[in-house]
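In: I would like to see how this sequence folds:
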Amino acid sequence: MIVDKINAYLSSTGKSVDAALLEETGKLASYAFSRQFGVREERKQSTPYFSSIGKCLRQQAYNILGFEQDGKEIDARSKMVFFMGDVAELAVVQLCKQAGIAVEDTGFEQESVELKGMRGRPDGIVAGTHVLEVKSMSSFSFRDFEKGELDTGYRYQCNAAMEALKRSHTVIVALNKDAGVLAEMVIEKDPTIVEDIFYRIDTLKKATKESLPARPYAADAKGFYPWQCLYCAFHNVCQPTAEKVLVSGKYKLKEVSHAGAQAR
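Out: All right, here's what the predicted structure looks like:
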């Protein structure tokens, strides 16, 4: 649907790039650079986002309710990862246009949409029918993607966008950032996931500082929490008796008092 046309364009010779497209690409690249590496605008999240609705509800509640972010910070590595994601999206979308694929609502014209107060900005619309999402990933994740496997959180994001835009399909274009290879997957809207999205939105709306959503993750038999907890901006407030420890050259989040973790 998309990848074959982009690859055919990239393999062709004697091609020239549309001047207006070049100008647009330059402005979008400048915006991405400034957004990730310039002075970051501090924004308080007051509603859930499409990109997070399939993830830990307790983490989202902490953010929405204004808890202090005292866990994982946006460090140098994170900024580079976010910027590379922006550039990957920009490159794929602009190549779609150059290859003659009908894609709209992209770049500065991306449509901001809502679903029961939840906000999102899909990467575009293809041929007026399919939601477009672009995702860069490691070789490991890319292999899973080629097998038809998709991260649950990302599947929820796509379903939220489809429901908000009244579309039944999403085409996801993945870029293997290690090898520069593209692949695509078309998914259909899942009524079961949409129903759970509505449940999750309602749960977050009802959350208070005294009544938070349940923790979806727990420490294992050795007291270690999954990687999602380590990379959470609120792991100190969520698990105050846990600490970062170095295990085989990698940091992990471990419960100091494992009995206490099981009791909570």
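In: correct me, but Ala219 touches Glu255?
Out: Yes: with contacts defined as Cβ atoms under 8 Å, Ala219 counts as touching Glu255 at a distance of 4.6 Å. Using the backbone N, CA and C atoms, a C-beta is placed for each residue, glycine as well.
In: would you mind giving the domain segments of the protein?
Out: 3-206, 227-263 (automatic domain parsing).
In: so which of those domains is nearest Leu212?
Out: Closest approach to Leu212 among the domains of the chain (Cβ to Cβ): domain 3-206, 5.2 Å.
In: start to end distance for the closest one?
Out: Separation of the first and last residues of domain 3-206 by Cα to Cα, to the nearest Å is 43 Å.
In: please apply the same query to stretch 165-183.
Out: Using Cα to Cα, the end-to-end distance of stretch 165-183 comes out at 24 Å.
In: likewise stretch 107-123?
Out: Across its full length, stretch 107-123 reaches 8 Å between end residues, using Cα to Cα.
In: same thing with stretch 221-231?
Out: End-to-end distance of stretch 221-231 (Cα to Cα): 20 Å.
In: identify each buried residue in it, please.
Out: 223-225, 229-230 (16 or more other Cβ atoms under 10 Å).
In: so what's Val256 closest to, chain neighbours aside?
Out: Leaving aside its sequence neighbours, Val256 sits nearest to Thr241 (Cβ to Cβ, 6 or more residues apart in numbering; 5.0 Å).
In: now the phi/psi pair for the one you found, please.
Out: Here the main-chain torsion angles of Thr241 (degrees, to the nearest 10) amount to phi -100, psi 10.
In: that one is in contact with His235, isn't it?
Out: No: here Thr241 lies out of contact with His235, judged by Cβ under 8 Å, at a distance of 11.3 Å.
In: neighbour count winner among these two?
Out: With other Cβ atoms under 10 Å as the criterion, Thr241 and His235 differ in neighbour count, and His235 comes out ahead with 23 against 12.
In: ok, the more buried one to Thr129 distance?
Out: If you measure His235 against Thr129 using Cβ to Cβ, to the nearest Å, the figure is 41 Å.
In: before we move on, back to that, from the buried residues of stretch 221-231, which is closest to Arg167?
Out: For Arg167, the closest of those turns out to be Cys229, at 34.1 Å, with distances computed as Cβ to Cβ.
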